[in-house]
Each structure stands twice: as structure tokens, then as C-alpha cells.
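S.K.: With the sequence up front, the predicted model follows.
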Amino acid sequence: MTGKEGFDLVVVANRLPVDFTVGPGGEIEWKRSPGGLVTALEPVMQASDGAWVGWSGAPDLASEPFDADEMRLVPVTLSADEIERYYEGFSNDTLWPLYHDVISPPTYHRTWWDAYRRVNQRFADAAVAQAAPGAVVWVHDYQLQLVPQMIRAQRPDVRIGFFNHIPFPPLELFQQLPWRRQVIDGLLGADLVGFQRAGDAANFIRAVRRLRAHTTRGPIITVPGEDGRDRHVRAAAFPISIDSRRFDELARTPEVQQRSREIRADLGDPDIMMLGVDRLDYTKGIRHRIKAYGELLQDGRLDVEHATLVQVASPSRENVDAYQELREHVEGAVGRINGEYAEIGHAAIHYLHHSYPPEEMAALYLAADVMLVTALRDGMNLVAKEYVAARSDDRGVLVLSEFTGAADELSSGALLVNPHDIDGMKDIIVAAAHMDHREQRKRMRRLRRKVLTDDVARWSESFLGVLTAMPSRVPRRRPEDDEPGAPQDAREGAGPGWEADRTVPTGRRVEVSV
Ligand code: G6P
């Protein structure tokens with residue numbers, strides 16, 4: 001680390017990449033939690049002297065910054081009240097449903113907005129305190145959309161990237177938000193705003209034009225500065241991925257292979273094992289999937305002696321009403337279907353309300369003949385990619401919702417479904433269950449080529465590559481540029497800087513498709 005001057009790369013995310021426990025003497029112990037984002041960023045963090053600013057996940061937990069795995073971890077403290085208003089409230093009961101096509105109605109509370117602003121300011125201040133002069137600051141996700149502008153206000157010297165892990169909604173929905181302009185301004189504090197899909201970036205650019213009247217040309221937005229200097233903000237798609245090699249290797253280990261055989265045996269060696277793996281979230285289409293599955297049993301197109309569905313639903317945001325209602329619905333439906341169709345030794349649906357470690361997930365993926373990803377809306381859906389990475393045997397069928405970011409990338413090998421079309425989904429589930437091995441292999445190979453090549457390291461390299469190649473300053477606006485008839489390029493600043501070498505901090509040159 002550079003110590004005195006600060007860190008060259010500062011990641012800001014709602015959660016820290018660690019879990020903590022309180023020891024017998026009341027002391028806090030941190031344990032690494034191997035999430036996708038940290039795997040992606042660890043090599044760049046270690047190579048470029050990085051700090052990570054985030055929340056511990058518990059109320060009122062104050063801790064000094066500390067080092068772990070060659071990263072500086074900087075905890076942000078949230079009170080119980082802030083967790084309720086900023087995290088459960090504004091982030092997960094306002095923005096989350098609004099950005100996911102209002103599948104559940106968003107709630108708008110002014111007190112939640114106040115807490116969101118206050119907490120975003122705290123994250124921004126913590127990032128500012130860590131950033132070295134000229135550092136790169138990379139802010140993540142919908143919980144922190146005001147942070148880019150708040151950092152820029154204090155530190156015009158740093159480069160700021162923002163990546164939205166969830167969808168960005170169409171203007172017609174986004175404009176419901178009473179604080180829509182503040183959110184747009186918050187994001188425009190960044191130099192580069194990244195999204196999962198080209199459609200999300202297009203939605204954002206349209207919202208900028210309609211709500212802020214800034215000039216846009218292709219992916220470039222011109223933001224007038226108070227000092228007379230325009231800034232250029234780029235908005236583009238950078239579809240996220242997983243550590244595909246790690247998952248591939250994990251699924252090849254004898255322990256995981258053995259565990260996957262055990263799972264099938266424990267299920268009574270069904271001919272067809274179907275699998276759903278989701279956070280228990282209303283965006284994931286779990287109810288639609290279970291409905292379709294129940295009807296297939298009712299119609300006699302599937303039967304419990306030959307087929308079974310394993311549904312892993314990991315607990316999530318359990319204090320938010322919409323999540324509690326979903327749990328009741330899902331568990332009610334599972335109970336009814338099992339009551340109706342299960343036989344001794346043959347459950348219709350094995351419902352598991354737990355989280356599992358990656359080893360167990362890999363074994364489940366390997367055991368599953370059909371993977372059901374039927375989200376109603378999903379930024380990317382990494383489960384779809386994990387399933388593919390685990391299947392080095394080229395077997396298995398991925399049924400994938402059109403409404404996931406992953407569908408933009410995996411349409412050549414997956415069977416795409418519209419989860420709202422229950423009859424259509426039933427036909428596709430049956431087709432997946434009966435797909436012959438040759439067809440499975442052909443499709444899985446296409447999927448694996450994509451997932452193993454476009455991994456999460458490539459994702460972070462391409463984002464940081466574009467961000468660090470952006471010109472840090474735009475020429476001062478001359479009065480004559482504002483006159484009618486002035487050449488467009490002069491006003492929109494599409495100068496040669498945009499063609500700058502896209503070299504990432506690790507020194508590896510990357511291809512970018514933005
Ligand atoms: C989504 C969001 C993440 C979030 C995760 C888990 O993937 O994009 O930002 O961390 O869900 O949700 P939680 O509320 O438990 O952090």
C-alpha cells in the first residue's frame with residue numbers, strides 16, 4: 001500500500017467482501033466471503049494497491065479499517081434505523097422493485113430518501129478519505145447511485161466508474177421516482193457508467209436526455225460544468241460474468257463428482273432431475289416455475305416416479321414485506337403440490353430454504369439434467385453461467401428466461417422462455433427433459449465457449465480499461481462553441497482522446513465491446 005497518500009484503486013460497494021463473528025471477549029473477527037465481485041476484483045486490487053469500502057451487514061458495528069488478502073477493508077457503520085430506511089427501505093423496497101419492472105409495487109417514502117442520501121454521503125466520504133491523488137474509484141450498484149457525484153464534489157482529481165448490477169428501467173417507469181433527477185445527477189458524477197445490457201444503457205441515456213436535457217451522442221453524454229468546462233460521461237454495457245475456470249475446476253474434483261452422485265441417489269435416482277437456484281426474490285419467477293411444474297404433474301406430462309424438481313431458495317431481505325409474502329406463497333404452493341402428487345420416497349418438489357457453499361452448488365449443478373432460470377427480470381443471472389461452467393461433461397439443458405441479461409449472451413445454446421407464458425414454459429420444460437444427448441452436447445459446447453471465455457476477470461479488465469483510457473479533462477468551453485452553427489464536435493468533445501489506448505492497470509490490453 002501507498003500508506004500516507006492513499007490507495008490507487010478504491011472499490012465502493014454496499015457490502016464488504018467479508019463476514020464477521022463476535023469472539024468470546026466481544027472482539028470482532030472477519031472471515032472472507034468469496035462473492036463474485038471480490039473474486040473479480042482481487043487480482044486488480046492486489047496489483048494496484050486497493051481499498052474496499054462497504055458495510056459489514058450488521059447494525060452499529062464500528063471498526064477501524066483493516067487489511068485482509070492484500071486489500072484494505074474500510075467498514076462503513078449503519079445504525080438499525082439506517083438499515084431499515086436506507087437498506088430495507090429505499091434500496092430494497094423502492095429502487096429494487098422499480099428497477100425490476102415494478103413486479104412488486106415500489107414504496108416511496110421521503111424519510112427513506114433522506115436516509116439514502118445521508119448514507120450515500122457516508123460511503124462517499126469514506127472513499128474520499130482512502131483515495132490517493134488521481135486514484136480510480138469504482139462504485140457499485142443501485143444502493144449507491146448518489147456516491148459518484150458526492151465524490152466528484154470533493155475530489156475532481158479522481159476517476160470515477162459506476163457499475164449497475166441490476167437492470168436500469170425504461171423512462172416510463174423510472175420517472176415514477178420522486179427523486180429521479182437527483183439520481184441521474186448522482187450517476188453523472190461518474191466518468192463511466194456501466195450496465196449489464198445495451199438496453200439498460202439506452203434506457204439511462206434516454207432518461208438523461210428527457211430529465212436533464214444534456215447533449216448526448218451515442219454513448220457519450222456532455223455534462224456542462226459550473227466552471228465552464230464540460231465533462232464527458234460514457235454509458236455502455238459491460239455484461240458481468242463469473243470466475244468460470246474456478247467453477248469448472250471445482251466441478252471436476254472427485255469430491256464434487258462423488259457428492260453429485262450421492263445427491264441423485266438420495267433423490268431416488270430419478271430419470272430427470274430439474275433444478276432451480278435463486279435468492280428467494282419475487283424477481284426470480286419461482287412462483288411461475290412452480291406453477292408450470294405443478295401443471296405438468298397434473299397433466300401427466302411429468303410424474304414423480306421419473307422426475308423431480310429441487311428448488312434451492314436462499315433466504316434474502318427477510319424484513320421486507322414483499323419477501324415475507326413471497327415466502328408464504330412459494331411455501332404454500334410447494335406444500336400443495338407435494339400434498340397432491342408426492343408419493344412415499346418420491347417428492348414432487350424438494351424445497352430447500354438455505355444457502356450452500358460453492359462445493360455443494362457445483363455438485364447440484366452436475367446432478368441436474370435441466371436447470372430452470374425463469375426470472376421475470378434479472379440484471380444478469382450468474383446461476384445460469386455457473387451451471388454452464390460446471391458442466392465439463394457437456395451434458396444438461398439450460399432453460400433461460402428472456403428477461404435476464406444472460407439471455408442476451410446465451411441464446412445460442414439455452415432454451416429461451418417467457419415465464420409469463422405458462423403453457424409455453426411447460427412445453428419448453430418438457431422439451432428440455434426429453435432432449436437427446438447429441439443436442440445437449442451441441443448446445444452446451446456453445447454455452448461453454450462463451451462462459452469460459454468471457455469470465456469475470458475480462459469483465460473487470462474491460463471496465464477498468466475503458467475508464468482509465470478516458471481523457472481526464474475536456475478542453476475548456478470557448479464562447480464561440482456555444483454559438484449557433486458551431487461545429488458539433490467542438491461542443492460534444494468527441495476528440496482524439498476517445499481513441500486512447502485501452503490498456504488496463506494490469507498492463508494487459510483488452511478488446512472492449514461498448
Ligand atoms: C443483488 C444485488 C447486489 C446484492 C445481492 C444480494 O445481486 O445486485 O448488490 O448484494 O443482490 O442482496 P443483499 O441485499 O443481501 O445484499
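M.R.: Arrived safely.
S.K.: tell me the phi and psi of Leu415?
M.R.: Backbone torsions of Leu415, given as degrees, to the nearest 10, read phi -90, psi 110.
S.K.: next one: Asp436
M.R.: Backbone torsions for Asp436, taken as degrees, to the nearest 10, come to phi -70, psi 160.
S.K.: Can you name the residues that contact the most centrally placed residue in the chain?
M.R.: Taking C-alpha atoms, centre = their mean, the centroid of the chain lies closest to His165, which sits 3.5 Å from it. When contacts are counted by C-beta atoms under 8 Å, 6 or more residues apart in numbering, His165 touches 140-142, 196, 240, 379-380. The way it works is simple: take the backbone N, C-alpha and C, and place the C-beta from them, glycine included.
S.K.: Kindly report the same for Pro178.
M.R.: Residues near Pro178 by C-beta under 8 Å, 6+ apart: 108, 110, 113.
S.K.: which bits of the stretch 301-450 of the chain sit near the ligand?
M.R.: 316-317 (C-beta under 6 Å from any ligand atom).
S.K.: Which residue ranges of the stretch 301-450 of the chain form helices?
M.R.: 321-341, 358-367, 382-390, 405-410, 422-434, 437-453 (DSSP state H, counting those that start in this stretch).
S.K.: packing partners for the fifth one?
M.R.: Using 3 or more C-beta pairs under 8 Å, 6 or more residues apart in numbering; DSSP states H and E as the contact test, the elements touching helix 422-434 are strand 272-279, helix 286-299, strand 370-373, strand 397-401, strand 415-417.
S.K.: Out of the ones you listed, which gets nearest to Glu360?
M.R.: strand 272-279 (10.6 Å; C-beta to C-beta).
S.K.: Alpha carbons only: can I get that closest one in PDB?
M.R.: Extracted in PDB, the C-alpha atoms of strand 272-279 (Å, rounded to 0.1, in the frame of the first residue of the first chain):
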ATOM      1  CA  ILE A 272     -34.900 -36.300 -14.800                       C
ATOM      2  CA  MET A 273     -33.700 -34.000 -12.100                       C
ATOM      3  CA  MET A 274     -34.700 -30.400 -12.600                       C
ATOM      4  CA  LEU A 275     -33.000 -27.600 -10.500                       C
ATOM      5  CA  GLY A 276     -33.900 -24.100  -9.600                       C
ATOM      6  CA  VAL A 277     -31.300 -22.000  -7.600                       C
ATOM      7  CA  ASP A 278     -32.300 -18.500  -6.500                       C
ATOM      8  CA  ARG A 279     -32.300 -16.000  -3.800                       C
END
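S.K.: could you check the distance from the residue in the stretch 351-500 of the chain that the ligand sits nearest to over to Lys284?
M.R.: Residue nearest to the ligand within the stretch 351-500 of the chain: Gly379 (6.3 Å; C-beta to the nearest ligand atom). Distance, Gly379 to Lys284, using C-beta to C-beta, to the nearest Å: 12 Å.
S.K.: Neighbour count for those two, which is higher?
M.R.: Neighbour count, other C-beta atoms under 10 Å: between Gly379 and Lys284, Lys284 has more, with 30 against 25.
S.K.: from the contacts of Pro178, which would you call buried?
M.R.: Listed as buried from the contacts of Pro178 are Trp113; burial here means 16 or more other C-beta atoms under 10 Å.
S.K.: Residue of the stretch 51-200 of the chain closest to the ligand, please.
M.R.: For the stretch 51-200 of the chain, C-beta to the nearest ligand atom, closest residue to the ligand: His165, 3.8 Å.
S.K.: In terms of pLDDT, where does the residue nearest to the centre of the chain sit?
M.R.: As predicted, His165 sits at a pLDDT of 97.
S.K.: A strand includes it, no?
M.R.: No. Applying DSSP: H, G, I helix; E, B strand; the rest coil, one finds His165 to be coil, outside a strand.
S.K.: For Leu366, list the residues it contacts.
M.R.: Leu366 neighbours (C-beta under 8 Å, 6+ apart): 251, 256-257, 260, 390-391, 393.
S.K.: Can you tell me which of these has the most neighbours?
M.R.: Of all those, Ala390 has the most neighbours under the rule other C-beta under 10 Å, reaching 28 neighbours.
S.K.: Could you double-check that that one sits in contact with Asp248?
M.R.: Yes. Counting by C-beta atoms under 8 Å, Ala390 touches Asp248, with 7.1 Å between them.
S.K.: got the residues of the protein near the ligand?
M.R.: For the chain, the residues in contact with the ligand (C-beta under 6 Å from any ligand atom) are 14-15, 141, 165-166, 316-317.
S.K.: thinking again about what came up before, let's see which of the contacts of His165 end up in strands.
M.R.: Of the positions in the contacts of His165, His140 sit in strands, assigned by DSSP state E.
S.K.: List just the nearest of the contacts of His165 to Ala307.
M.R.: Nearest to Ala307 among the contacts of His165 is Met380, at 28.5 Å by C-beta to C-beta.
S.K.: Leaving out sequence neighbours, find the closest residue to the closest one.
M.R.: Excluding its sequence neighbours, the residue lying closest to Met380 (C-beta to C-beta, 6 or more residues apart in numbering) is Gly405, at 3.9 Å.
S.K.: correct me, but that neighbour touches Leu382?
M.R.: No. Counting by C-beta under 8 Å, Gly405 does not reach Leu382; the two are 9.7 Å apart.
S.K.: where does Asn203 fall, helix, sheet strand or coil?
M.R.: helix.
S.K.: That one contacts Leu173, doesn't it?
M.R.: No. Taking contacts as C-beta under 8 Å, Asn203 lies outside contact range of Leu173: 9.0 Å.
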